[in-house]
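Asks: Below are the sequence and a predicted model; questions follow.
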Amino acid sequence: MSRRLGAPYADHVEDGGRVLIYEGHDSPRQKGGPDPKTIDQPVRTPAGSLTENGKFLQAVRRIGDGEPAEIVQVYEKIRAGIWVFNGPFRLVDAWEEPANGRRVFKFRLEVVPDATSSTNSVRGALEQNRLIPTEVKLAVWRRDRGQCVECGSTDNLHFDHIIPYSLGGSSLVAENIQLLCARHNLAKHDKIA
């Protein structure tokens with residue numbers, strides 16, 4: 001997903017970050033073929049197998065048959081080469097809608113509550129703001145110069161809550177977010193550094 005200015009898909013967030021509305025995938029660009037932004041988003045490939053759109057639609061139909069919602073790991077592209085994990089979401093609905101003279105798929109994903117936290121009762125009283133807004137991520141990236149604040153690594157970076165989200169830390173202000181490499185982020189866990 002991407003909510004950055006000029007993103008190729010119309011993804012957006014609702015309900016204070018609890019809900020993502022994700023736009024489906026376009027057909028792949030083919031030399032001499034039509035612009036993918038001018039044709040309906042496909043359910044099947046030319047060979048007949050399901051596209052990602054088709055797989056998502058199939059997963060939503062299974063919910064109607066009594067199966068549990070699929071869990072989707074959501075990553076957000078905040079700029080070329082920079083992807084951020086936004087957490088697990090349940091795929092709960094799908095539909096088609098018109099957009100600029102063609103049909104596109106929309107998928108509704110709802111955040112999976114953190115069942116492992118011992119502070120769920122406290123969290124329920126707080127506004128859900130688990131997703132770090134793109135503008136906050138970009139501000140943190142600039143401030144921390146695209147490197148871990150602990151060791152200076154530029155590999156496998158994570159956006160980390162200084163005061164952990166599970167302990168009431170906000171995702172909405174850059175002052176509570178820092179860049180950590182995977183090693184330092186995993187070492188920190190849910191502790192206040």
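Replies: Sure, I can see it. Numbering: from 1, shown residues only.
Asks: can you map out the helices along this structure?
Replies: Ranges of helices in the chain, per DSSP state H, are 52-64, 120-125, 134-143, 182-188.
Asks: Save the ones you listed as a markdown table, and put in distance to Thr45 too.
Replies: Yep, even glycine has a C-beta here, placed from its N, CA and C like the rest. What follows is these, written out as a markdown table (distance: least, Cβ to Cβ, whole Å):
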| stretch | distance to Thr45 |
| --- | --- |
| helix 52-64 | 9 |
| helix 120-125 | 42 |
| helix 134-143 | 31 |
| helix 182-188 | 35 |
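Asks: Specify the stretch among the ones you listed that is closest to Glu96.
Replies: Closest to Glu96 of the helices of the chain is helix 52-64 (Cβ to Cβ; 9.3 Å).
Asks: Let me have the closest one in CSV, keeping just the CA atoms, if that works.
Replies: Output of helix 52-64 as CSV, limited to C-alpha atoms (Å, rounded to 0.1, in the frame of the first residue of the first chain):
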residue,chain,number,x,y,z
GLU,A,52,-3.7,-11.1,-6.6
ASN,A,53,-7.1,-9.4,-7.0
GLY,A,54,-8.6,-12.8,-7.7
LYS,A,55,-6.9,-14.4,-4.7
PHE,A,56,-8.2,-11.5,-2.4
LEU,A,57,-11.7,-11.9,-3.8
GLN,A,58,-11.6,-15.6,-3.3
ALA,A,59,-10.5,-15.1,0.4
VAL,A,60,-13.4,-12.7,1.0
ARG,A,61,-15.9,-15.2,-0.5
ARG,A,62,-14.6,-17.9,1.9
ILE,A,63,-15.6,-15.6,4.8
GLY,A,64,-19.2,-15.8,3.5
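Asks: Can you give the distance of it from its chain's centre?
Replies: A distance of 18 Å separates the centroid of the chain from that of helix 52-64, by Cα atoms, centre = their mean, to the nearest Å.
Asks: Stretch 103-116 too?
Replies: So, by Cα atoms, centre = their mean, the centroid of stretch 103-116 is 9 Å from its chain's centroid.
Asks: for the chain, what helix or strand is lowest in average pLDDT?
Replies: Across the helices and strands of the chain, mean confidence by mean pLDDT, DSSP states H and E is lowest for helix 120-125: a mean of 38.
Asks: ok, which stretches of the protein are strands?
Replies: Counting by DSSP state E, the chain has these strands, from start to end: 12-14, 19-23, 70-79, 82-99, 102-111, 157-161, 177-181.
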